[in-house]
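**Student:** A predicted structure for the sequence below; I have some questions about it.
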Amino acid sequence: MLSKSQARLFFIVGTIFFSGVFLWLTVDTIRQVPNQTRAANITPAVDRGKKIWEANNCMGCHTIFGEGAYYAPELTKVVERRGEVWLKTFLKDPEAMYPGERKMTNYHFSDNQINDVIAFLKWAGEVDLNGFPAKPTLSATTASAPVSNLDLLKGAPSTFSQLCTACHSVGGKGGNVGPALDGVASRMSAEEMTKRIKDPMSVKPDSKMPKLGLSDGDISQLVAFLQTLK
Ligand code: HEC
Ligand code: HEC
(Lines give C-alpha, C1' and ligand atoms only; values in the text may rest on other atoms or scores of the structure.)
(Ligands and ions follow the chains in the order given, each with its own letter.)
Protein backbone atom coordinates (compact mmCIF):
# COMPACT_ATOMS: atom_id res chain seq x y z
CA MET A 1 0.00 0.00 0.00
CA LEU A 2 1.19 3.51 -0.83
CA SER A 3 0.92 6.14 1.82
CA LYS A 4 -0.91 9.31 0.91
CA SER A 5 2.29 11.25 0.24
CA GLN A 6 3.76 8.38 -1.82
CA ALA A 7 0.59 8.28 -3.93
CA ARG A 8 0.82 12.02 -4.52
CA LEU A 9 4.46 11.72 -5.53
CA PHE A 10 3.60 8.81 -7.84
CA PHE A 11 0.85 10.91 -9.44
CA ILE A 12 3.05 13.99 -9.89
CA VAL A 13 6.09 12.16 -11.25
CA GLY A 14 3.91 10.01 -13.55
CA THR A 15 2.06 13.05 -14.87
CA ILE A 16 5.23 15.03 -15.52
CA PHE A 17 6.95 12.07 -17.18
CA PHE A 18 4.11 11.21 -19.55
CA SER A 19 3.38 14.86 -20.33
CA GLY A 20 7.02 15.04 -21.35
CA VAL A 21 6.68 11.98 -23.57
CA PHE A 22 3.53 13.44 -25.14
CA LEU A 23 5.23 16.78 -25.82
CA TRP A 24 8.27 15.12 -27.30
CA LEU A 25 6.11 12.98 -29.64
CA THR A 26 4.20 16.09 -30.71
CA VAL A 27 7.40 18.01 -31.46
CA ASP A 28 8.80 15.02 -33.32
CA THR A 29 5.68 14.74 -35.49
CA ILE A 30 5.71 18.43 -36.31
CA ARG A 31 9.40 18.19 -37.19
CA GLN A 32 8.69 15.41 -39.68
CA VAL A 33 5.85 17.18 -41.47
CA PRO A 34 8.00 19.23 -43.88
CA ASN A 35 9.90 16.10 -44.83
CA GLN A 36 6.80 13.97 -45.37
CA THR A 37 5.02 16.63 -47.38
CA ARG A 38 8.23 17.37 -49.32
CA ALA A 39 7.79 21.02 -48.38
CA ALA A 40 10.99 21.93 -50.22
CA ASN A 41 9.33 20.85 -53.51
CA ILE A 42 6.43 23.29 -53.18
CA THR A 43 7.40 25.65 -56.00
CA PRO A 44 5.25 28.59 -57.15
CA ALA A 45 3.96 26.35 -59.95
CA VAL A 46 2.73 23.78 -57.41
CA ASP A 47 1.02 26.58 -55.54
CA ARG A 48 -0.68 27.91 -58.69
CA GLY A 49 -1.69 24.37 -59.63
CA LYS A 50 -3.36 23.87 -56.26
CA LYS A 51 -5.32 27.11 -56.72
CA ILE A 52 -6.51 25.92 -60.14
CA TRP A 53 -7.42 22.58 -58.56
CA GLU A 54 -9.51 24.36 -55.92
CA ALA A 55 -11.06 27.01 -58.15
CA ASN A 56 -12.36 24.36 -60.55
CA ASN A 57 -13.57 21.98 -57.88
CA CYS A 58 -11.74 18.97 -59.28
CA MET A 59 -12.60 17.24 -55.99
CA GLY A 60 -16.26 17.41 -56.99
CA CYS A 61 -15.45 14.31 -59.08
CA HIS A 62 -11.94 13.17 -58.08
CA THR A 63 -10.21 12.16 -54.87
CA ILE A 64 -6.70 13.22 -53.92
CA PHE A 65 -5.00 11.84 -50.78
CA GLY A 66 -8.23 9.82 -50.52
CA GLU A 67 -10.42 12.89 -50.09
CA GLY A 68 -13.08 14.09 -52.49
CA ALA A 69 -15.71 12.41 -54.63
CA TYR A 70 -15.64 8.90 -56.05
CA TYR A 71 -17.01 9.65 -59.50
CA ALA A 72 -13.63 9.82 -61.23
CA PRO A 73 -10.18 8.25 -60.67
CA GLU A 74 -8.01 8.86 -57.57
CA LEU A 75 -5.33 11.31 -58.70
CA THR A 76 -2.65 11.13 -55.98
CA LYS A 77 -0.29 9.02 -58.11
CA VAL A 78 -1.59 10.00 -61.53
CA VAL A 79 1.73 11.45 -62.76
CA GLU A 80 3.53 8.21 -61.97
CA ARG A 81 0.69 6.24 -63.57
CA ARG A 82 0.28 8.23 -66.77
CA GLY A 83 3.40 10.35 -67.31
CA GLU A 84 3.47 14.07 -68.04
CA VAL A 85 3.10 13.82 -71.80
CA TRP A 86 -0.10 11.81 -71.53
CA LEU A 87 -1.50 14.19 -68.91
CA LYS A 88 -0.75 17.27 -71.00
CA THR A 89 -2.55 15.78 -73.96
CA PHE A 90 -5.47 14.59 -71.86
CA LEU A 91 -6.01 17.87 -69.99
CA LYS A 92 -5.91 19.80 -73.25
CA ASP A 93 -8.78 17.78 -74.64
CA PRO A 94 -10.08 14.96 -72.42
CA GLU A 95 -12.70 13.83 -74.86
CA ALA A 96 -10.27 13.45 -77.76
CA MET A 97 -8.50 10.81 -75.71
CA TYR A 98 -11.68 8.76 -75.42
CA PRO A 99 -13.85 9.79 -78.38
CA GLY A 100 -17.56 9.89 -77.63
CA GLU A 101 -17.48 7.99 -74.36
CA ARG A 102 -15.93 10.11 -71.65
CA LYS A 103 -17.17 12.52 -69.08
CA MET A 104 -14.25 14.63 -67.97
CA THR A 105 -14.86 18.33 -68.50
CA ASN A 106 -12.69 20.24 -70.96
CA TYR A 107 -11.58 23.28 -68.98
CA HIS A 108 -9.81 24.91 -71.95
CA PHE A 109 -6.73 25.48 -69.82
CA SER A 110 -3.75 27.33 -71.29
CA ASP A 111 -0.46 25.43 -71.58
CA ASN A 112 0.84 27.27 -68.52
CA GLN A 113 -2.19 26.32 -66.47
CA ILE A 114 -1.82 22.70 -67.55
CA ASN A 115 1.85 22.74 -66.50
CA ASP A 116 0.84 24.17 -63.11
CA VAL A 117 -1.82 21.51 -62.57
CA ILE A 118 0.68 18.80 -63.48
CA ALA A 119 3.27 20.35 -61.12
CA PHE A 120 0.68 20.19 -58.34
CA LEU A 121 -0.24 16.57 -59.10
CA LYS A 122 3.44 15.64 -59.33
CA TRP A 123 4.10 17.15 -55.91
CA ALA A 124 1.07 15.29 -54.52
CA GLY A 125 2.43 12.02 -55.89
CA GLU A 126 5.74 12.53 -54.07
CA VAL A 127 4.27 13.17 -50.62
CA ASP A 128 5.14 10.38 -48.16
CA LEU A 129 1.76 8.74 -47.48
CA ASN A 130 2.96 5.53 -45.88
CA GLY A 131 2.11 3.51 -48.96
CA PHE A 132 -1.27 5.10 -49.80
CA PRO A 133 -2.86 4.53 -52.26
CA ALA A 134 -2.36 0.80 -52.56
CA LYS A 135 -1.46 -0.35 -56.06
CA PRO A 136 -4.56 -1.70 -57.79
CA THR A 137 -4.59 -5.40 -58.55
CA LEU A 138 -7.04 -5.05 -61.43
CA SER A 139 -5.62 -5.59 -64.88
CA ALA A 140 -6.04 -2.40 -66.85
CA THR A 141 -6.67 -2.14 -70.56
CA THR A 142 -4.38 0.86 -70.79
CA ALA A 143 -0.77 0.56 -69.68
CA SER A 144 -0.31 1.55 -66.07
CA ALA A 145 2.95 3.43 -66.51
CA PRO A 146 5.02 4.93 -69.28
CA VAL A 147 6.89 2.14 -71.04
CA SER A 148 10.41 3.31 -71.68
CA ASN A 149 12.60 0.51 -70.40
CA LEU A 150 12.40 -1.66 -73.49
CA ASP A 151 15.20 -2.13 -76.05
CA LEU A 152 12.79 -1.72 -78.96
CA LEU A 153 11.89 1.70 -77.60
CA LYS A 154 15.47 2.96 -77.29
CA GLY A 155 15.09 5.37 -80.20
CA ALA A 156 11.47 6.24 -79.47
CA PRO A 157 10.49 9.86 -78.83
CA SER A 158 9.10 10.37 -75.31
CA THR A 159 5.70 11.10 -76.86
CA PHE A 160 5.65 7.49 -77.95
CA SER A 161 6.80 5.85 -74.73
CA GLN A 162 4.56 8.03 -72.55
CA LEU A 163 1.49 8.53 -74.68
CA CYS A 164 1.06 5.98 -77.44
CA THR A 165 2.01 3.06 -75.18
CA ALA A 166 -1.00 3.87 -73.00
CA CYS A 167 -3.06 2.17 -75.73
CA HIS A 168 -0.58 0.35 -77.99
CA SER A 169 1.97 -2.28 -77.13
CA VAL A 170 5.39 -2.90 -78.65
CA GLY A 171 7.25 -6.08 -77.80
CA GLY A 172 4.38 -7.10 -75.52
CA LYS A 173 4.59 -3.97 -73.34
CA GLY A 174 1.90 -1.33 -73.31
CA GLY A 175 -1.87 -1.07 -73.47
CA ASN A 176 -4.25 -3.16 -75.53
CA VAL A 177 -6.87 -0.57 -76.47
CA GLY A 178 -5.33 -0.27 -79.96
CA PRO A 179 -3.51 -2.88 -82.02
CA ALA A 180 0.08 -3.86 -81.15
CA LEU A 181 2.42 -1.78 -83.28
CA ASP A 182 5.08 -4.44 -83.82
CA GLY A 183 5.70 -4.68 -87.53
CA VAL A 184 3.48 -1.70 -88.30
CA ALA A 185 5.98 -0.42 -90.90
CA SER A 186 5.47 -3.51 -93.02
CA ARG A 187 1.71 -2.97 -93.23
CA MET A 188 1.54 0.81 -93.52
CA SER A 189 3.35 3.56 -95.43
CA ALA A 190 4.71 6.68 -93.76
CA GLU A 191 1.99 8.78 -95.43
CA GLU A 192 -0.76 6.56 -94.12
CA MET A 193 0.73 6.59 -90.61
CA THR A 194 0.89 10.37 -90.69
CA LYS A 195 -2.78 10.58 -91.65
CA ARG A 196 -3.76 8.05 -88.99
CA ILE A 197 -1.96 9.92 -86.23
CA LYS A 198 -2.96 13.40 -87.34
CA ASP A 199 -6.65 12.71 -87.76
CA PRO A 200 -7.66 9.08 -87.23
CA MET A 201 -11.30 9.76 -88.09
CA SER A 202 -10.35 10.95 -91.57
CA VAL A 203 -9.23 7.37 -92.27
CA LYS A 204 -11.85 5.54 -90.22
CA PRO A 205 -14.90 7.60 -89.17
CA ASP A 206 -15.63 5.42 -86.11
CA SER A 207 -11.99 5.27 -85.05
CA LYS A 208 -11.33 4.76 -81.36
CA MET A 209 -7.89 6.26 -81.81
CA PRO A 210 -7.87 9.77 -80.31
CA LYS A 211 -7.04 12.87 -82.28
CA LEU A 212 -4.21 13.98 -80.05
CA GLY A 213 -3.44 17.49 -81.27
CA LEU A 214 0.27 16.77 -81.74
CA SER A 215 2.52 19.21 -83.60
CA ASP A 216 3.73 18.35 -87.12
CA GLY A 217 7.25 18.02 -85.69
CA ASP A 218 6.10 15.46 -83.11
CA ILE A 219 4.20 13.54 -85.74
CA SER A 220 7.12 13.29 -88.15
CA GLN A 221 9.34 12.10 -85.28
CA LEU A 222 6.76 9.48 -84.37
CA VAL A 223 6.40 8.30 -87.95
CA ALA A 224 10.19 8.09 -88.35
CA PHE A 225 10.26 5.87 -85.28
CA LEU A 226 7.31 3.72 -86.35
CA GLN A 227 9.04 3.14 -89.68
CA THR A 228 11.74 1.27 -87.75
CA LEU A 229 9.18 -1.28 -86.48
CA LYS A 230 9.34 -3.68 -89.39
C1 HEC B 1 -17.51 16.36 -63.79
C2 HEC B 1 -16.55 15.51 -63.17
C3 HEC B 1 -15.08 15.85 -63.28
C4 HEC B 1 -14.46 17.01 -62.87
C5 HEC B 1 -15.07 18.23 -62.24
C6 HEC B 1 -13.05 16.80 -63.14
N7 HEC B 1 -12.83 15.57 -63.69
FE8 HEC B 1 -11.02 14.76 -64.17
N9 HEC B 1 -11.95 13.06 -64.83
C10 HEC B 1 -13.31 12.84 -64.79
C11 HEC B 1 -13.58 11.50 -65.33
C12 HEC B 1 -14.93 10.84 -65.47
C13 HEC B 1 -12.31 10.94 -65.67
C14 HEC B 1 -12.02 9.55 -66.27
C15 HEC B 1 -11.70 9.67 -67.73
C16 HEC B 1 -12.91 10.10 -68.48
O17 HEC B 1 -13.93 9.41 -68.40
O18 HEC B 1 -12.84 11.14 -69.15
C19 HEC B 1 -11.32 11.96 -65.36
C20 HEC B 1 -9.96 11.79 -65.57
C21 HEC B 1 -8.98 12.68 -65.15
C22 HEC B 1 -7.56 12.47 -65.26
C23 HEC B 1 -6.89 11.21 -65.80
C24 HEC B 1 -6.93 10.16 -64.72
C25 HEC B 1 -6.43 8.82 -65.16
O26 HEC B 1 -5.99 8.06 -64.30
O27 HEC B 1 -6.51 8.52 -66.34
C28 HEC B 1 -6.94 13.60 -64.76
C29 HEC B 1 -5.45 13.85 -64.65
C30 HEC B 1 -7.98 14.52 -64.38
N31 HEC B 1 -9.20 13.93 -64.62
C32 HEC B 1 -7.74 15.78 -63.84
C33 HEC B 1 -8.73 16.66 -63.46
C34 HEC B 1 -8.48 17.99 -62.97
C35 HEC B 1 -7.09 18.60 -62.80
C36 HEC B 1 -9.70 18.56 -62.71
C37 HEC B 1 -9.99 19.96 -62.24
C38 HEC B 1 -9.39 21.03 -62.99
C39 HEC B 1 -10.71 17.56 -63.03
N40 HEC B 1 -10.10 16.43 -63.48
C41 HEC B 1 -12.08 17.76 -62.87
C42 HEC B 1 -14.28 13.69 -64.32
C43 HEC B 1 -14.05 14.96 -63.81
C1 HEC C 1 -6.61 6.17 -76.31
C2 HEC C 1 -6.00 5.10 -77.01
C3 HEC C 1 -4.98 5.38 -78.10
C4 HEC C 1 -3.87 6.21 -78.02
C5 HEC C 1 -3.42 7.08 -76.86
C6 HEC C 1 -3.18 6.06 -79.29
N7 HEC C 1 -3.85 5.19 -80.11
FE8 HEC C 1 -3.26 4.60 -81.98
N9 HEC C 1 -4.97 3.48 -82.15
C10 HEC C 1 -5.91 3.30 -81.15
C11 HEC C 1 -6.94 2.40 -81.64
C12 HEC C 1 -8.17 1.94 -80.85
C13 HEC C 1 -6.57 2.03 -82.97
C14 HEC C 1 -7.32 1.04 -83.86
C15 HEC C 1 -7.83 1.62 -85.11
C16 HEC C 1 -8.97 2.58 -84.97
O17 HEC C 1 -9.92 2.37 -84.20
O18 HEC C 1 -8.88 3.57 -85.70
C19 HEC C 1 -5.32 2.73 -83.25
C20 HEC C 1 -4.61 2.64 -84.45
C21 HEC C 1 -3.35 3.16 -84.68
C22 HEC C 1 -2.55 2.93 -85.85
C23 HEC C 1 -2.92 2.02 -86.98
C24 HEC C 1 -2.38 0.65 -86.62
C25 HEC C 1 -2.88 -0.50 -87.42
O26 HEC C 1 -2.20 -1.54 -87.37
O27 HEC C 1 -3.94 -0.36 -88.04
C28 HEC C 1 -1.37 3.62 -85.69
C29 HEC C 1 -0.19 3.66 -86.65
C30 HEC C 1 -1.45 4.29 -84.43
N31 HEC C 1 -2.67 3.99 -83.82
C32 HEC C 1 -0.45 5.08 -83.90
C33 HEC C 1 -0.54 5.76 -82.69
C34 HEC C 1 0.47 6.65 -82.20
C35 HEC C 1 1.78 6.99 -82.91
C36 HEC C 1 0.03 7.12 -81.00
C37 HEC C 1 0.70 8.12 -80.10
C38 HEC C 1 0.85 9.45 -80.64
C39 HEC C 1 -1.26 6.51 -80.73
N40 HEC C 1 -1.56 5.68 -81.76
C41 HEC C 1 -2.00 6.73 -79.58
C42 HEC C 1 -5.90 3.85 -79.89
C43 HEC C 1 -4.96 4.76 -79.42
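**Tutor:** Ah, there it is. Ligands and ions are numbered 1, 2, ... in the order given.

**Student:** hmm, the worst-scoring helix or strand of the chain on mean pLDDT touching ligand 2?
**Tutor:** Ranked by mean pLDDT, DSSP states H and E, the helix or strand of the chain with the weakest confidence is helix 94-97, at a mean of 80. Yes - on the criterion C-beta under 6 Å from any ligand atom, helix 94-97 is in touch with ligand 2 at residue 97. Backbone N, C-alpha and C define where each C-beta goes, glycine included.

**Student:** what's the neighbour count on residue 52?
**Tutor:** If you count neighbours by other C-beta atoms under 10 Å, residue 52 ends up with 16.

**Student:** which bits of the chain sit near ligand 1?
**Tutor:** Applying C-beta under 6 Å from any ligand atom, we find that the chain lies next to ligand 1 at 53, 56-58, 60-62, 71-73, 75, 78, 81-82, 87, 90, 94, 98, 102-105, 107, 117.

**Student:** The top helix by length along the chain: what's the following helix or strand?
**Tutor:** Among the segments of the chain that qualify as a helix by DSSP state H, the longest is helix 4-36. Going down the chain from helix 4-36, the next helix or strand is helix 44-55, by DSSP states H and E.

**Student:** Residue 62 against residue 78, yeah?
**Tutor:** No - in this structure residue 62 lies outside contact range of residue 78 using C-beta atoms under 8 Å: 9.0 Å.

**Student:** that older thread, tell me the mean pLDDT over the longest helix of the chain?
**Tutor:** Helix 4-36 shows an average pLDDT of 95 in the prediction.

**Student:** How far off centre is that helix?
**Tutor:** Mean C-alpha position of helix 4-36 versus that of the full chain (C-alpha atoms, centre = their mean, to the nearest Å) differs by 41 Å.

**Student:** cool, and stretch 53-73?
**Tutor:** Mean-position distance between stretch 53-73 and its chain equals 14 Å (C-alpha atoms, centre = their mean).

**Student:** and stretch 219-230, what's its mean pLDDT?
**Tutor:** 92.

**Student:** Of all the residues in that stretch, which ones are buried?
**Tutor:** 219, 221-223, 225-226, 229 (16 or more other C-beta atoms under 10 Å).

**Student:** export the residues you listed to TSV and tack on distance to ligand 2?
**Tutor:** TSV is the format used below for the buried residues of stretch 219-230 (distance: C-beta to the nearest ligand atom, whole Å):
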residue	distance to ligand 2
219	8
221	10
222	5
223	8
225	8
226	6
229	9
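
**Student:** which one of those residues sits closest to residue 164?
**Tutor:** residue 222 (7.3 Å; C-beta to C-beta).

**Student:** I figured that closest one was touching residue 159, is that so?
**Tutor:** Yes - the criterion here is C-beta under 8 Å, and residue 222 meets it with residue 159 at 6.2 Å.

**Student:** list residues touching both of the two?
**Tutor:** residue 214 (C-beta atoms under 8 Å, 6 or more residues apart in numbering).

**Student:** Break this protein down into its structural domains.
**Tutor:** 42-126, 151-226 (automatic domain parsing).

**Student:** and these, which one's lowest on average pLDDT?
**Tutor:** domain 151-226 (a mean of 88).

**Student:** Show the end-to-end separation of that one, please.
**Tutor:** For domain 151-226, the first-to-last residue distance is 14 Å (C-alpha to C-alpha, to the nearest Å).

**Student:** again, but for stretch 59-68
**Tutor:** 5 Å.

**Student:** Which residue ranges of this protein form strands?
**Tutor:** Assigned by DSSP state E, the chain shows strands spanning 63-64, 67-68, 169-170, 173-174.
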